[in-house]
Structures are given as C-alpha cells and as structure tokens.
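**Student:** I would like to see how this sequence folds:
(chains A and B, ligands or ions: 2)
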Amino acid sequence: MGRPQSVPRRTAQAAGEPMLRVEDLSIKFVRRGQEPTIAVDSISFDVQAGQTVGLVGESGCGKSVTALAIMGLLPPRGNRVEGEIHFDGTDLLSLSDKQMRDRRGQELAMVFQDPLSSLNPVVPLGVQVCEVLERHKGMRHGAARRRSAELLDKVGVPDPTRRLDEYPHQLSGGMRQRALIAMALACEPRLLIADEPTTALDVTIQAQILALLKELVTESGTALVMITHDLGVVAGLCDQVNVLYGGRIVERADRFELFARPRHPYTNGLLASIPRLNSPRGQRLKPVPGSVADNIPWQVGCAFSPRCGAASELCRAEAPHLERDEGGAGHEIRCHHPVGRPSESADDARSAQDE
Amino acid sequence: MLGYLIRRILQMLLALGVLSILLFAWLRLLPGGPVSALLGDRGTDEDRANLEAALGLDQPIYVQYLKFMGRIFHGEFGPSTGVRPGYDAMEIFLDRLPATIELSFLAMLIAVSLAIPLGYLAASKRGRLLDNGLIAVSLVGVAIPVFFLAFVLKYYFAVKLGVLPPSGRNSIGIEGTRVTGMFLLDGVLTGEWDVAWDAARHLILPALALATIPFAVIFRITRASVLEVLDEDYVRTARAKGLTSRVLRGRHVLRNALIPVVTTIGLQIGALLSGAVLTERVFNVRGLGQALALGFETRDYTVLQVLVMMAALIYIVVNLIVDLTYAFIDPRVRLG
Ligand SMILES: Nc1ncnc2c1ncn2[C@@H]1O[C@H](COP(=O)(O)OP(=O)(O)O)[C@@H](O)[C@H]1O
Ligand SMILES: [Mg+2]
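**Tutor:** Residues are numbered from 1 along each chain as shown, chains lettered A, B, ... in the order given. Ligands and ions are numbered 1, 2, ... in the order given. Below you'll find the predicted structure:
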C-alpha cells in the first residue's frame, strides 16, 4: 500500500505539485533527563523546480537542521522529526536509509559551510569527485576521472587534471569550496542545498562563489535552497525568501517584495544590518539588538518580542500566526504589529545591492 | 626523503650509543656479578681473582667498555658467561630471535585483527550494551598481569582440559626442516603441514597471553579515534554523496581513524618485548625473553648488553617504519 517511490516528473508538475514541499516540519532534540530542544517548529515552504529559495536567519534559528532533515542526515538518534518532506511526490521522511542513500548525491545534494573541514584530508581530490559518479552513474574509473576533470574545470578550478591527484590541504579555501560544489553537482541533482557556503571564506572569494553558484544552477535548472544569515547574499540570488526566527518562519515573500516592503520588525532589523559598500569606513553596523539566546518560547508568545521595539502585551501573551499580507502578492508574515512602510534602511540596502 | 632517513639513522645511532654506555654501567651496578654467579660460595679468593682477570673484569670500566666496542667493530660481541658459556652473544641472540619474532608477530596479528574491527563496532554502537561490554573486556585486558593470565591459560587449556600443549615450541619427535627458525613459518614454507600444525598449537596460548595488552590498548584508541572521525564534517560530506557504507567506512572513516592507531601499534611493540619475557618464561619458549631472564640470573653482562641493545635497535627501526607508514597514510605529514 506504500506510496509510489518516485512520481515521474511531468505528472508531479502537471498536478501543480512543487518539486519540494516541506510541510509542518518539526525537529526536536531529546536527551535523557533533559527538556527537549525544539530546533524547528512546524515550518512549511515550497521549492519549485529550478527555483532559488532562501532560508535566512541568525545562527541557531534552525536553518542547518532543516537542511539536514531534508537530506536525511540528522544524527540517527536523539531527535524527533515530525511533518512531511515531499520531493517529487514522495515523502522523504518515510523512506528507508537505503532509499535515501540512492537519492543523496544523485537527486539531492548539499554544500556545507566550512570547505576546510568538509573535504577528507587523506583522500585525493579526484577520488572524492569520482566516487559520486561511480556510485550513482555507474561510471568506471577512467570515465569518472575524465568527467571529474571536466567538472572541476567548470567550477573554475585551474589545471583540473593535475588537481585530481592533489590533496585538499594543497588547495585554498575558495578552491576547496569550488571542488565541493563540483562534487555536489556531479550527478546533476534536481535540488542543491547550500548551507552558508561562503561564511568561512574571504569577502572577495564570497562574491565569486555566489556568482558561480548562481551561474551553475541557472544553467542546469537545478533548484537551490540557499541558507544564510546574511540578507545581502539573498539579494542577488533568491526568487523566494523565508525568514526564520527561533525555529519558525516569520516572514516569506519574493525577493523584490521583501526588500521593498519588509513587514516583520526582525526582517527590518536584518536589512538594517547589511553592510553597505558606500558606508564610511569604521561606521558601526546596526544589528538587531539582543540575541536569539534570550528568546521566549513561541508557546508563550512571540519569540521575537523581547528584542522587538514594537512589542506589546499581546505579543507576550499570544504567538502570532503566519498570515497572508493583504498588500503584497504571496507575502506572508507572522507579526501582531507589522512594520507599515518600507524603512529607510531597506532602501539603503537595496541601493547597496545595486552597486 | 633521503635527508630525512639519514637524519633518522644518525639519531638512531646516537640513541644506541648513549644506551650502550648507560647499560654497560647499570649492569655492573647490579648486586653480584658473573664471578659469584659462576662460582657461588665455592672457590677461593684466588679463583675469583683469576676468573675476574680471565673475563677482563679487573680492568677499569672505561677500558672494558672500549674493548667491548672495539670487538663489535670486528664483528665479535664477546663470549657468554652464563646463558650458554663460550658462545658469542650475537650467536645467542640470532638463535633466540626467530622464536620471539614469531610469537610477537602472531600476538600483534591477533591483537590488531580483533582490536580494529571491534573498536569500530564499539564506536558505531556508542553507549549501547555491546559498546560497554567491549570496554569492560578491554579494561580487564589491561588490568590483568600478563604473567598471571599466562598461568591461567596454561592451567586451564593445557593442564585441565589438555587440549593444547603446556610448553615448548614443538612436540618431541616433530622436528621440521629449519629455514627461518620460525617453526610455523618453516612448516608452511616446506609444506610440512604436521610441523606447522604442531607449531601453531604451541603458539596459541602464549600468543593469546601476549596479545591481551596490545589488544586492549589498540581497541580503545581505535574506538576513540573512530568516534572522533564520525563527527567530522568530511564524513557528513561523504554521507551527503549517498556513498555505500563500505566506501564510507573504509575510505572516509577508517583511513582517518587509523592514523593514531598506527602510532599506537608502533609503541606497543616495545611493550610486546617486555611481555615476551614473562610469557616465554611461563610457556618455556626458548626465545629472547627467556634468554634475558636467564642472563639476569647468571649476571651474563655481555649477553644482556647485546640482547637489550638489539631489542632497542628493533624497537627504533619498527618505529621508523611506523613513521614512514604514517606519512604514507596522511598526506599532510611531510617527512623532513
Ligand atoms: N545534534 C544536536 N543536538 C542538540 N541540539 C542541536 C543539535 N543540532 C542542532 N541543535 C540545536 O538546534 C538549533 C538549531 O540549530 P541549527 O539548525 O544548526 O542553527 P542554524 O540556523 O545556525 O543553522 C540550535 O538551538 C541548536 O542548539
Ligand atoms: Mg547553520
């Protein structure tokens, strides 16, 4: 009676079903003798084929955990995952380990935050690219090596054939991240999740890697889930943006709408904290005051209220729901007192992006 | 690479030189000496003086040392006084070496081939019953004195059950053709299977006794190291590729986890040599350990000096090989 293992692409799209549909996903970490930590609290979002979707929020808001849940890479014990993750009509959470292994690297791929620690230090780079092709494409060694060199070349690693026999420590951070992108895209997956892929890199390299990702996904039609704490990264890249706070989505809109009319005070604060290229040197950024650590659970009220200038008694007593904003098409927001007008800082941020 | 090797060899010679001086002095500081060991309470003062002069022990210690070293450069190590009087110490060493190598090698083989898979298994079942059980076994393994374990094994399997021979290296009447002096290997090489089988039966108990400590130590290092590697980002990357568990375990986890294990194996070889002294004694194996014990009882200065120095040489060479292996598994290590 199980559901079909994989629905052919056309059927899924004809039915209007998005390629990835995360529905009411909750992730709790449980440890014996301790209160469970709610890392992700009933979040839902869609990714259409070929679309780029941002997951944005401060550290600790549940971005990585969400990505790992989609990939089936959460630790085998100590956590409870609820909800559904439909990929091409199949609920990934209902699949066996073996079925997930067949999809990982093949249809779903991921690039991680720290390229320095994400490559195996004692295995030549070539082997680390080839193994994906050998595993999923059934390629023989020679063919896999040739294809690996092509892939490295495509992501901009110079002298790729020689690099195949080198070890990760012989490459710079930027080159390693390029190599990791090559590995992730080796089997032309339908979905790529990039978890803060530029956070560990130099600023100049960051821009190059983002441009590369954008170019590759546009060219291949791969859908991209871009995870970042930096709205500046989202600005040039994402079609849809989901802003997370304390394990819940607090605002969702398409990119232009979000930058033009941020409604949630938290989004507003994030926009104000984007560094601007034309700001005087040494000028302090304006981060959102406070930190996620002093949040209150959503169960009691709005988790953002302790840090929110507009918070009222209502906010502390009752958690707002994610609701459609009448003004913008598809704009959703979880706030009792949304920001009315586009703020000055949002305009600044946009002009910063345009430069 | 060549420069590195030359430097390591020079270091090795220096270490051996220093050891030879210290050892020479220490042996002569032991109460008693070859003369009283040979003569006991018998013999007049004159006999003693004569014997002392004959052994060259009446000369100042530095003269004795220089003569000893001088002889070595002529390929002569000096005669034994107690272990096998009259024979050259090196001859005794070479005669005893195969038995000890065979025993130690087998013990290490048992230890490594059990400890690495079980260490991996324990790590992947972290915190479960199996993991805790294996940790307990390894704790017992380190805690039991080798000497005691050897006695228990011998008593139970050889004396009580009688399924394995209690001592020696071969049964009376089963003498194979000598090739290397390692009876098991010789039996296999010459195709004398009865000889090989007989040698194997004699080796099992002493090898098991000798294997316990290296097993326990290597097991714990493997477990800890695998646990650490399982948490590494590159293992997560490998998982994200959907690799089969065979590739994941072998290429990504084990290859990294083995780096500290290799070092430990090298260091354990030193412990093996001292364990062999006890094990060979209990099972009456005519190996280096037994010769060392005998040399001690008879205050056989020359044999002790040569045996200990050769053991040190073996230890140093093995650890040089370990370091080379290390550089081979871990490309980040640069020899130089
Ligand atoms: N293995 C784990 N065990 C317990 N708690 C975890 C674990 N992984 C993540 N968490 C918790 O889940 C929350 C979200 O983490 P994460 O998704 O890594 O945040 P980020 O948005 O920075 O990527 C954090 O509060 C973190 O402490
Ligand atoms: Mg994260």
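
**Student:** every contact and neighbour count from this point should use C-alpha atoms.
**Tutor:** Fine.

**Student:** so how far is residue A:39 from the most centrally placed residue in chain A?
**Tutor:** Chain A has residue A:227 as the residue nearest its centroid, 2.6 Å off, counting by CA atoms, centre = their mean. Noted for residue A:227: a distance of 16 Å to residue A:39, by CA to CA, to the nearest Å.

**Student:** now swap in residue B:311 and tell me
**Tutor:** Residue B:311 sits 58 Å away from residue A:39, going by CA to CA.

**Student:** of those two, which one has the most company?
**Tutor:** residue A:39 (21 against 17; other CA atoms under 10 Å in any protein chain shown).

**Student:** ok, now which ones touch that one?
**Tutor:** By CA atoms under 8 Å, 6 or more residues apart in numbering or on different chains, the contact list for residue A:39 reads A:26-29, A:61-62, A:65, A:246-247.

**Student:** export the residues you listed as a markdown table, with columns for distance to residue B:333 and neighbour count.
**Tutor:** Converted to a markdown table, the contacts of residue A:39 look like this (distance: CA to CA, whole Å; neighbours: other CA atoms under 10 Å in any protein chain shown):
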| residue | distance to residue B:333 | neighbour count |
| --- | --- | --- |
| A:26 | 44 | 21 |
| A:27 | 41 | 25 |
| A:28 | 41 | 18 |
| A:29 | 39 | 17 |
| A:61 | 39 | 22 |
| A:62 | 38 | 22 |
| A:65 | 35 | 18 |
| A:246 | 43 | 26 |
| A:247 | 43 | 24 |
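
**Student:** okay but residue A:206 is in contact with residue A:198, surely?
**Tutor:** Yes - with contact defined as CA atoms under 8 Å, residue A:206 counts as touching residue A:198 (5.1 Å).

**Student:** show me which of the two is the more surrounded one.
**Tutor:** residue A:198 (24 against 17).

**Student:** next, that one: secondary structure please.
**Tutor:** Assigned with DSSP: H, G, I helix; E, B strand; the rest coil, residue A:198 falls in the coil class.

**Student:** show me which residues of chain B sit near ligand 1.
**Tutor:** For chain B, the contact set with ligand 1 under CA under 6 Å from any ligand atom is empty.

**Student:** by mean pLDDT, which helix or strand of chain B comes out lowest?
**Tutor:** Ranked by mean pLDDT, DSSP states H and E, the weakest helix or strand in chain B is helix B:34-39, scoring a mean of 82.

**Student:** which neighbouring elements make contact with the longest helix along chain B?
**Tutor:** Ranked by residue count and defined by DSSP state H, the top helix of chain B is helix B:193-230. Counting contacts by 3 or more CA pairs under 8 Å, 6 or more residues apart in numbering or on different chains; DSSP states H and E, helix B:193-230 is packed against helix B:89-124, helix B:129-143, helix B:146-153, helix B:183-190, helix B:255-282.

**Student:** what residues does chain A put near ligand 1?
**Tutor:** Taking CA under 6 Å from any ligand atom, the part of chain A that reaches ligand 1 is made up of A:29, A:39, A:59-65.

**Student:** do that again at 5 Å, thanks
**Tutor:** Applying CA under 5 Å from any ligand atom, we find that chain A lies next to ligand 1 at A:39, A:59-65.

**Student:** columns secondary structure and pLDDT on top of the residues you listed, output as JSON lines?
**Tutor:** Shown next, in JSON lines, are those (DSSP: H, G, I helix; E, B strand; the rest coil; pLDDT from 0 to 100):
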{"residue": "A:39", "secondary structure": "strand", "pLDDT": "93"}
{"residue": "A:59", "secondary structure": "coil", "pLDDT": "90"}
{"residue": "A:60", "secondary structure": "coil", "pLDDT": "90"}
{"residue": "A:61", "secondary structure": "coil", "pLDDT": "92"}
{"residue": "A:62", "secondary structure": "coil", "pLDDT": "94"}
{"residue": "A:63", "secondary structure": "helix", "pLDDT": "96"}
{"residue": "A:64", "secondary structure": "helix", "pLDDT": "96"}
{"residue": "A:65", "secondary structure": "helix", "pLDDT": "97"}
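
**Student:** name the nearest of the residues you listed relative to residue A:193.
**Tutor:** Among those, residue A:64 lies closest to residue A:193 (CA to CA), at 9.8 Å.

**Student:** tell me, how many residues neighbour the closest residue to residue B:215 other than its chain neighbours?
**Tutor:** Distances taken as CA to CA, 6 or more residues apart in numbering or on different chains place residue B:111 nearest to residue B:215, at 4.2 Å, with adjacent residues excluded. For residue B:111, the neighbour count with other CA under 10 Å is 24.

**Student:** how about residue B:333?
**Tutor:** So residue B:333, with other CA under 10 Å, has 12 neighbours.

**Student:** just to check, residue A:265 is in contact with residue A:308?
**Tutor:** Yes - the pair residue A:265 / residue A:308 is scored as a contact, 6.9 Å apart, by CA under 8 Å.

**Student:** more neighbours: which of those two?
**Tutor:** Per other CA under 10 Å, whichever of residue A:265 and residue A:308 has more neighbours is residue A:265, with 24 against 18.

**Student:** what does chain B have sitting close to chain A?
**Tutor:** Within chain B, the positions adjacent to chain A are B:232-237, B:239-244, B:251-252, B:255-256, B:329-332 by CA under 8 Å from any CA of the partner chain.

**Student:** selection in PyMOL covering whichever of those residues are buried, please.
**Tutor:** To isolate the buried ones among the residues of chain B next to chain A in PyMOL, judged by 16 or more other CA atoms under 10 Å in any protein chain shown, type:
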select buried, chain B and resi 232+233+234+235+236+237+239+240+241+242+243+251+252+255+256+329+330+331
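
**Student:** buried ones in stretch B:83-102?
**Tutor:** B:83-84, B:87-93, B:96-102.

**Student:** can you show me the CA trace of that stretch as PDB?
**Tutor:** Taking Å, rounded to 0.1, in the frame of the first residue of the first chain, the C-alpha atoms of stretch B:83-102 are listed here in PDB:
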ATOM      1  CA  VAL B  83      73.400 -18.300  29.300                       C
ATOM      2  CA  ARG B  84      75.400 -20.500  27.100                       C
ATOM      3  CA  PRO B  85      79.000 -20.200  28.200                       C
ATOM      4  CA  GLY B  86      81.500 -19.800  25.500                       C
ATOM      5  CA  TYR B  87      79.100 -18.900  22.700                       C
ATOM      6  CA  ASP B  88      79.200 -15.500  21.200                       C
ATOM      7  CA  ALA B  89      76.400 -13.200  22.500                       C
ATOM      8  CA  MET B  90      75.300 -12.400  18.900                       C
ATOM      9  CA  GLU B  91      75.100 -16.100  18.100                       C
ATOM     10  CA  ILE B  92      72.800 -16.500  21.100                       C
ATOM     11  CA  PHE B  93      70.700 -13.500  20.000                       C
ATOM     12  CA  LEU B  94      70.300 -14.800  16.500                       C
ATOM     13  CA  ASP B  95      69.500 -18.300  17.800                       C
ATOM     14  CA  ARG B  96      66.700 -16.900  20.100                       C
ATOM     15  CA  LEU B  97      65.300 -14.300  17.800                       C
ATOM     16  CA  PRO B  98      63.100 -16.300  15.500                       C
ATOM     17  CA  ALA B  99      61.000 -17.800  18.400                       C
ATOM     18  CA  THR B 100      60.300 -14.300  19.800                       C
ATOM     19  CA  ILE B 101      59.600 -12.700  16.500                       C
ATOM     20  CA  GLU B 102      57.200 -15.500  15.600                       C
END
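
**Student:** count the neighbours of residue A:34 for me.
**Tutor:** Number of residues near residue A:34 (other CA under 10 Å) recorded here: 8.

**Student:** looking at this, it is in a strand?
**Tutor:** No - going by three-state DSSP, the assignment for residue A:34 is coil, not a strand.

**Student:** quick check: the gap between it and chain B.
**Tutor:** 17 Å (CA to the nearest CA, to the nearest Å).

**Student:** so which residues make contact with stretch A:97-109?
**Tutor:** Under the contact criterion CA under 8 Å, 6+ apart, stretch A:97-109 has outside partners A:71-72, A:92, A:132, A:136, A:184-185, A:187-193, B:239-244.

**Student:** before I go, just wanted to say thanks for your time.
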